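Undergrad: I would like the atomic coordinates for the input below:
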Amino acid sequence: MGRWVMLTWTFRAFVWAGEKILPVLQASFVPMGGILLVTLFIFAGFWHSFAALTLAQGVLDQYQVLLATLRLLILGDGDGAAVVLGLYNGDEELGSHITFILWFIAVIAFCICLLNLFIAVHGEAYGKAQETAHISFLQERAAICLHCLLMPCWLPTGWQSQASCPKALAVLIYALTFVAWGVLVWYTQLHPWVAAGVLLAGSLVADIVLLQLPWRKEDSEKLFFWICHRDDYDDTASLPADTFDDAPGASAEQQEAVVRTSRLSTKLGNLKSSVEMQRFGTDLSGLEGRLSHLEKCVERAMAAFAVLE
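TA: Here you go, the predicted structure:
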């Protein structure tokens, strides 16, 4: 099972799977730590209570009690409920007043309240991880590149001109490694760890040969520092972090509503400024007309005074 999980984790570097896998993995571990701890302790409390009833009567062993507790609390199975009801007096149909009270509390507190809270917390964590899926994908790919650059490389600097085809050399190393691994596996007198160690060593050497650092090449002076960003990135679409200071525990939907409200307020402010500028332009044009009319009146008055003189 671990190999399949590792294979799934490897797919995070690909565009077609990275943005879909990372939110699921990020929402399933660190954000769920608190609710997992609470669920584990409450489950242990109910299991301890059921085990105490079993020890008093000596009816079932502890493995059967644990299995019945899992079936009742996690799966909601009726067979698990019957076993729990019959822990005190062996009556799986009606049980006793003690087992009925414990069963009722377990159903209400664990099956209804805690499991639904667990689902809600997981959904909230997935929603937050989904919002930053693209950024997390780019960060993960950058981390993979950094990890590869920090790995040791081979051949040494003086030998690189003699090995102009590192891919062919790596294929040759892989082929020899698989041949040696097959021979060691077929040779049953050796422990299988020997064959596994040879295969691991050959794979590591081939990876080291494939890793050719760009600054060791002859044209390394032509390298440039690149900054990558999305073509459709808009600074005005992002809000500063202090926008959410008033609601630190807000959900993803609430934060999205805050973003929409802030953007709408910005658009309304820009629209108001535009209307005010148009109104100012209209008033200015009216004032210019009045000034030109006044200028004409003054010119007529000056002409009349000139005639009278």
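Undergrad: low-confidence ranges in the chain?
TA: Per-residue confidence for the chain (pLDDT under 70) gives these ranges: 56-60, 155-164, 213-256, 259, 280, 308-309.
Undergrad: show me what contacts residue 278?
TA: Applying CB atoms under 8 Å, 6 or more residues apart in numbering to residue 278 gives no contacts. Every C-beta, even on glycine, is put in place using the N, C-alpha and C of the backbone.
Undergrad: if I look at it, how far off is residue 268?
TA: 16 Å (CB to CB, to the nearest Å).
Undergrad: before we move on, what about residue 283?
TA: From residue 283 over to residue 268 the distance is 22 Å, taken as CB to CB.
Undergrad: same thing with residue 17?
TA: Shown here: residue 17 relative to residue 268, a distance of 42 Å by CB to CB.
Undergrad: ditto for residue 198
TA: Using CB to CB, residue 198 is found at 70 Å from residue 268.
Undergrad: of these two, who's got more company?
TA: Neighbours per residue (other CB atoms under 10 Å) separate residue 198 from residue 268, with residue 198 holding more: 18 against 10.
Undergrad: mind telling me what element the more buried one is part of?
TA: Here residue 198 sits within helix 192-210, counting by DSSP states H and E.
Undergrad: could you pull out the buried residues of that helix?
TA: 195, 198-199, 202-203, 205-210 (16 or more other CB atoms under 10 Å).
Undergrad: could you dump those residues to a markdown table with distance to residue 182?
TA: Shown next, in a markdown table, are the buried residues of helix 192-210 (distance: CB to CB, whole Å):
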| residue | distance to residue 182 |
| --- | --- |
| 195 | 8 |
| 198 | 10 |
| 199 | 10 |
| 202 | 12 |
| 203 | 15 |
| 205 | 18 |
| 206 | 16 |
| 207 | 20 |
| 208 | 23 |
| 209 | 21 |
| 210 | 22 |
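Undergrad: of the residues you listed, closest to residue 165?
TA: Using CB to CB, residue 209 is the member of those that sits closest to residue 165, with 10.2 Å.
Undergrad: skipping adjacent residues, who's closest to that closest one in space?
TA: Distance criterion CB to CB, 6 or more residues apart in numbering; nearest residue to residue 209, sequence neighbours excluded, is residue 170 at 4.7 Å.
Undergrad: can you pull out the helices in the stretch 151-300 of the chain?
TA: Under the criterion DSSP state H, counting those that start in this stretch, the stretch 151-300 of the chain contains helices at 166-186, 192-210, 252-308.
Undergrad: so which of those gets nearest residue 23?
TA: helix 252-308 (11.8 Å).
Undergrad: for the closest one, what is the distance to the chain centroid?
TA: 50 Å (CA atoms, centre = their mean, to the nearest Å).
Undergrad: likewise stretch 179-187?
TA: For stretch 179-187, the distance to the chain centre is 42 Å (CA atoms, centre = their mean).
Undergrad: contact partners of stretch 189-203?
TA: 173-174, 176-178, 180-181, 184-185.
Undergrad: give me the buried subset of the residues you listed.
TA: 173-174, 177, 181, 184.
Undergrad: ok, so of those, who is nearest residue 287?
TA: Set against residue 287, the nearest of the buried ones among the contacts of stretch 189-203 by CB to CB is residue 174 (84.9 Å).
Undergrad: residues contacting the residue nearest to that closest one when sequence neighbours are not counted?
TA: Of all residues not flanking residue 174 in the chain, residue 206 sits nearest, at 5.2 Å (CB to CB, 6+ apart). Residues near residue 206 by CB under 8 Å, 6+ apart: 170, 173-174, 177.
Undergrad: give the buried residues for stretch 22-38.
TA: Across stretch 22-38, burial judged by 16+ other CB under 10 Å covers 22-23, 26-27, 31, 35.
Undergrad: how about those in JSON lines, adding secondary structure?
TA: What follows is the buried residues of stretch 22-38, written out as JSON lines (DSSP: H, G, I helix; E, B strand; the rest coil):
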{"residue": "22", "secondary structure": "helix"}
{"residue": "23", "secondary structure": "helix"}
{"residue": "26", "secondary structure": "helix"}
{"residue": "27", "secondary structure": "helix"}
{"residue": "31", "secondary structure": "helix"}
{"residue": "35", "secondary structure": "helix"}
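Undergrad: and the furthest pair within those?
TA: Greatest spatial distance among the buried residues of stretch 22-38 (CB to CB): 22 and 35, at 20.6 Å.
Undergrad: so who does residue 148 touch?
TA: Residues near residue 148 by CB under 8 Å, 6+ apart: residue 211.
Undergrad: hang on, the earlier thing: okay, the angle between the helix holding residue 198 and helix 166-186?
TA: If you take axes from the mean of the first three to the mean of the last three CA atoms, to 10 degrees, helix 192-210 sits at 180 degrees to helix 166-186.
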